[in-house]
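Trainee: my questions concern the predicted model and sequence given below.
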Amino acid sequence: MHNADDLPALTTTVFERMSRLSQELGAINLGQGFPDMAEPDELVEAACTALRTRSNQYPPMRGLPQLREAVANYYRREQGVDLSPDEVMVTSGATEALAAAILGIVRPGDEVILVQPLYDAYLPLVLRAGGVPVLVSLEPPHWTLPAGRLEAAITARTRAIVLNTPNNPAGALLDRATLERVGELAQVHGFYVISDEVWEGMVLDGAAMTSTLQVPVLRERTLKIGSAGKLFSMTGWKIGWIAAAPRLLAAAAQQHQFLTFTTATPLQWAAAEGLNLPPAWHRAHRQRYEHARRRLVNGLRAAGFAVLPAAGTWFVIIDLAASGLPAGDDAALAERLLRAAGVASIPVSAFYAENAPQGYLRLCFAKQDATLDEAVVRLAAFRQAPG
């Protein structure tokens, strides 16, 4: 006989806790990754039109053909990837795409290499699939993936590696040489790559991204995860997708049909219209975030903070020691900063399952100018006299 006490203990992530505390205290929330800028009119109108004039009934399990085609065309145009619509499956957000990919590939007892800092869903999803996580860490402050560390983590039981490029929270890109080395190792050892590339539309200030699907040796071994929510800054839409060779996509589809089965039909129509907008629209959309990042980074540096370089995402990282702040417990400092200065951040240690560095805080810059300016004023005052 079972009783209520055998249920898992309820836990709250640092992201939820900091956001809730920020709301309670009336603080500026640079912790949670969502924009407070005006949302793109084109996407809002496309969704309204789809609600009124398109179907509101179930779409095909793998997604509307028009959206799958739009995803394939977008990657062909933006990244030079020759992709068929039959190699795309629409999911209810990128996290569901990750779940379908991991559950479709990983078998009980398989080892899965996870690269820290990591998105918090990776590890529990691997465990849910019966996999054994093997952790490898990027090397700060440039957040590179040392080949020796990766090779040392590979065993006969390695089934997959989960990559994240651009990386959240570091904003770092895995370069072509690194991806080619991953591909060589995958080929030799027979493992797969699940590549979380949801921030690909937020590679800023001319930085060049290499997608895993652009690397020939990875083309048949990779499940690439994308997100309309990140591309269009509409995080509540929860429209994601997987792009992969047919054999791998079928394995993920087998799981997807029993996870969410399908995704909101009108929003799929709207996402397809968004992806079909011209490259100039996408460049202009990114420029809003380039401006916001520049504003926050310049303000922080003028106030004496050391901000690490980042190629993409909506986040920048402060190096606490180099900024003259205590670096021994980033979670405690983040809470002090929230309570004393009224600015919410996220400790980078929250993105680690083990051996977490303690000297970094993540800030989200996807905010209006006035919000960023006030945050800088408060952060500068805190740095002068840490609470």
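Mentor: Good, I have the coordinates.
Trainee: with adjacent residues omitted, what lies nearest to Ser345?
Mentor: In this structure, Ser345 finds its nearest non-sequential neighbour in Leu361, 4.4 Å apart by C-beta to C-beta, 6 or more residues apart in numbering. (C-beta placed from N, C-alpha, C; glycine too.)
Trainee: now do Ala72
Mentor: Nearest non-adjacent residue to Ala72, counting by C-beta to C-beta, 6+ apart: Leu83, 4.3 Å away.
Trainee: how far does the helix or strand where the residue nearest to Ser345 lies sit from its chain's centre?
Mentor: For Leu361, the host element (DSSP states H and E) is strand 360-364. The chain centroid and the centroid of strand 360-364 are separated by 15 Å under C-alpha atoms, centre = their mean, to the nearest Å.
Trainee: ok, stretch 212-219 next?
Mentor: Distance, stretch centre to chain centre, for stretch 212-219: 20 Å (C-alpha atoms, centre = their mean).
Trainee: check stretch 16-24 too.
Mentor: Offset of stretch 16-24 from its chain centre (C-alpha atoms, centre = their mean): 21 Å.
Trainee: now that stretch - C-alpha only, PDB.
Mentor: Output in PDB follows, covering the C-alpha atoms of stretch 16-24 (Å, rounded to 0.1, in the frame of the first residue of the first chain):
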ATOM      1  CA  GLU A  16      11.100  30.600 -10.100                       C
ATOM      2  CA  ARG A  17      12.200  31.600  -6.600                       C
ATOM      3  CA  MET A  18      14.100  34.700  -7.800                       C
ATOM      4  CA  SER A  19      11.200  35.800 -10.000                       C
ATOM      5  CA  ARG A  20       8.700  35.400  -7.200                       C
ATOM      6  CA  LEU A  21      10.800  37.300  -4.800                       C
ATOM      7  CA  SER A  22      11.400  40.000  -7.300                       C
ATOM      8  CA  GLN A  23       7.700  40.400  -7.700                       C
ATOM      9  CA  GLU A  24       7.100  40.500  -4.000                       C
END
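Trainee: returning to that earlier point: the residue nearest to Ser345: how many residues sit nearby?
Mentor: The local packing of Leu361 (other C-beta atoms under 10 Å) involves 28 other residues.
Trainee: any idea how far Val377 is from it?
Mentor: Here the criterion is C-beta to C-beta, to the nearest Å. By it, Leu361 lies 17 Å from Val377.
Trainee: surely Ser137 and Asn355 touch.
Mentor: Yes: at 6.6 Å, Ser137 counts as touching Asn355 under the criterion of C-beta atoms under 8 Å.
Trainee: return every residue with contacts to both of these two.
Mentor: Residues touching both Ser137 and Asn355 (C-beta atoms under 8 Å, 6 or more residues apart in numbering) are Gln116.
Trainee: neighbour count for the two, which is higher?
Mentor: Ranked by neighbour count (other C-beta under 10 Å), Ser137 and Asn355 place Ser137 first, with 19 against 9.
Trainee: now for that one: which residues touch it?
Mentor: Val115, Gln116, Pro117, Arg149, Tyr352, Asn355.
Trainee: need the per-residue pLDDT for it.
Mentor: Among the per-residue scores, Ser137 shows a pLDDT of 97.
Trainee: all set now, cheers.
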